[in-house]
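**Student:** Predicted model follows, preceded by the sequence.
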Amino acid sequence: MTHPAHPELRVIGITGIPLVRAGDDLAALILEAAAAQATPLADGDALVVTQRVVSKAEGRVVPLDNFEPSPFARDFAQRMEKDPRLVEAVLRESTRVVRQVGGVLITQTRHGYICANAGVDASNVGGQDLVSLLPLNPDASCRRIRDAARARLGVDLGVVMTDTFGRPWREGHTNVAIGVAGLRPLRSYIGMPDMDGRELRVTTICVADELAAAAELVMGKVDAVPAAIVRGYRFERGEGSSAELVRARELDLFL
């Protein structure tokens, strides 16, 4: 009798990617760096890339002086001892403010994500008085990388873009997916029998978030490794969207 191989997964950080600037061909930089370290991307790999490096390539790292503070931003910033330009940037990147806790604004972005400060961040942006904004269309950004790998190497990848979110009920932060291409972000087990033969009714695994979190372990926050290969996981191929990961407001028990 032949037994299946033991499940196995490899996560490989891609080093040697140069500092990315607006207008750079990010896909080419990633593919060339992977080849240079003798881990060229292969068919069926999942390529995980950080939001920050995509935002840099797409010109979404901008001066704070681009944001003229509104009266609300000035008042909030004064009370919370924050830069009013930063507060204004958060407000402009938001469709609504969900919660205000101390100096943190929990907002919903135009993409539908609910997160701290609309994903606006001033760390690892390459200078003072600059902020990183989320890409305008993270799924489209992932598709461009996927298409470039297909054109250059003849391989089909899944691509996941990540950002770091806090989580209700849990301390610490983790990477989650904010953009996908070439894979289904969710895997449903609804209707399948469990090991006791009972039918599963609600279990749906967020594959994209799990790939994002696994990749973070080799990318880090200060290690200049903005991309990683997850190899060995058999994701379901398809044109998924990060919009599938946003829970409908009427189903959210905490809003």
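**Tutor:** Nice, I can see it.
**Student:** other SSEs contacting the top strand by length along the chain?
**Tutor:** Taking DSSP state E as the criterion, the chain has its longest strand at strand 170-181. On a contact count with 3 or more CB pairs under 8 Å, 6 or more residues apart in numbering; DSSP states H and E, strand 170-181 meets helix 51-57, helix 138-153, strand 158-167, helix 207-219. Bear in mind the C-beta positions are built from the backbone N, C-alpha and C, glycine included.
**Student:** In TSV, list the ones you listed along with mean neighbour count and distance to V20.
**Tutor:** Below are those laid out as TSV (neighbours: other CB atoms under 10 Å; distance: least, CB to CB, whole Å):
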stretch	mean neighbour count	distance to V20
helix 51-57	24	4
helix 138-153	19	13
strand 158-167	23	14
helix 207-219	22	14
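**Student:** okay, these in JSON lines with distance to S242 and mean pLDDT next?
**Tutor:** Shown next, in JSON lines, are the helices and strands packed on strand 170-181 (distance: least, CB to CB, whole Å; pLDDT from 0 to 100):
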{"stretch": "helix 51-57", "distance to S242": "11", "mean pLDDT": "96"}
{"stretch": "helix 138-153", "distance to S242": "6", "mean pLDDT": "98"}
{"stretch": "strand 158-167", "distance to S242": "8", "mean pLDDT": "94"}
{"stretch": "helix 207-219", "distance to S242": "7", "mean pLDDT": "96"}
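**Student:** Export these as a markdown table, with columns for distance to P226.
**Tutor:** Below are those laid out as a markdown table (distance: least, CB to CB, whole Å):
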| stretch | distance to P226 |
| --- | --- |
| helix 51-57 | 4 |
| helix 138-153 | 12 |
| strand 158-167 | 10 |
| helix 207-219 | 7 |
